[in-house]
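Asks: show me the folded form of this:
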Amino acid sequence: MKRKNEFKFIYLFLLAIVLFNIQTIAFSAMTTTMNLNGIGYARVETNVRINDLRINNLNNSIINYYEFNKHNITTGITLNSNSSNVVFSIDIGNYTSTNIGIYSIDGLPTGLTYSISDYTVGEAPLINGIGNKTINLTISGNPGSYNLSLNFDFQTLFNISY
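Replies: Numbering: from 1, shown residues only. The predicted structure is shown next:
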């Protein structure tokens with residue numbers, strides 16, 4: 001009986017050492033392969049989205065911060081004079097075979113205006129079928145500091161023939 005208990009003790013001791021070594025190796029492998037540098041994004045699946053937002057040009061103005069998600073741009077800007085403006089480059093992706101356009105852009109504070117180069121909001125298709133397009137959004141207006149949240153309303157455009 002005593003010999004049986006010694007065998008169980010040795011067996012459990014060796015099992016504990018083996019499990020400890022496996023756990024150590026697994027942890028070591030995870031820490032070397034799971035190093036993340038920078039910012040990671042998890043994006044909600046959608047048919048049309050803003051993929052990227054960059055500052056293209058600052059004309060006598062300051063950008064305090066900027067963020068974006070699939071249909072929204074949030075930023076804080078300071079315009080120093082009446083001729084000041086901020087130009088953002090916005091990459092938009094269409095992941096469906098339908099034509100899409102920007103129906104409207106809401107959320108601009110009073111005293112500011114926007115313009116988009118080579119596109120008229122609410123009219124022609126922005127992207128025909130699956131693809132990406134970069135637009136330049138210029139924000140200008142009265143001098144001052146503004147926090148704004150621009151909401152892009154992307155809609156499918158249909159061609160109807162009679």
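Asks: please count neighbours and contacts with C-alpha atoms only from this point.
Replies: OK.
Asks: and the strands in the protein?
Replies: Secondary structure of the chain (DSSP state E): strands at 48-59, 61-68, 72-79, 85-94, 99-106, 112-116, 131-141, 144-157.
Asks: buried ones in the last one?
Replies: Going back to what we said before, that points to strand 144-157. 146-157 (16 or more other C-alpha atoms under 10 Å).
Asks: got the angle between it and strand 85-94?
Replies: Angle, strand 144-157 to strand 85-94, by axes from the mean of the first three to the mean of the last three C-alpha atoms, to 10 degrees: 30 degrees.
Asks: ok and strand 144-157 relative to strand 112-116, angle-wise?
Replies: Going by the same axes, to 10 degrees, strand 144-157 makes 40 degrees with strand 112-116.
Asks: repeat that for the third one.
Replies: Following the same axes, to 10 degrees, one obtains 120 degrees for the angle between strand 72-79 and strand 112-116.
Asks: quick one: residues in contact with strand 72-79.
Replies: 50, 60-68, 85, 140-152 (C-alpha atoms under 8 Å, 6 or more residues apart in numbering).
Asks: so it versus strand 131-141, what angle?
Replies: Going by the same axes, to 10 degrees, strand 72-79 makes 30 degrees with strand 131-141.
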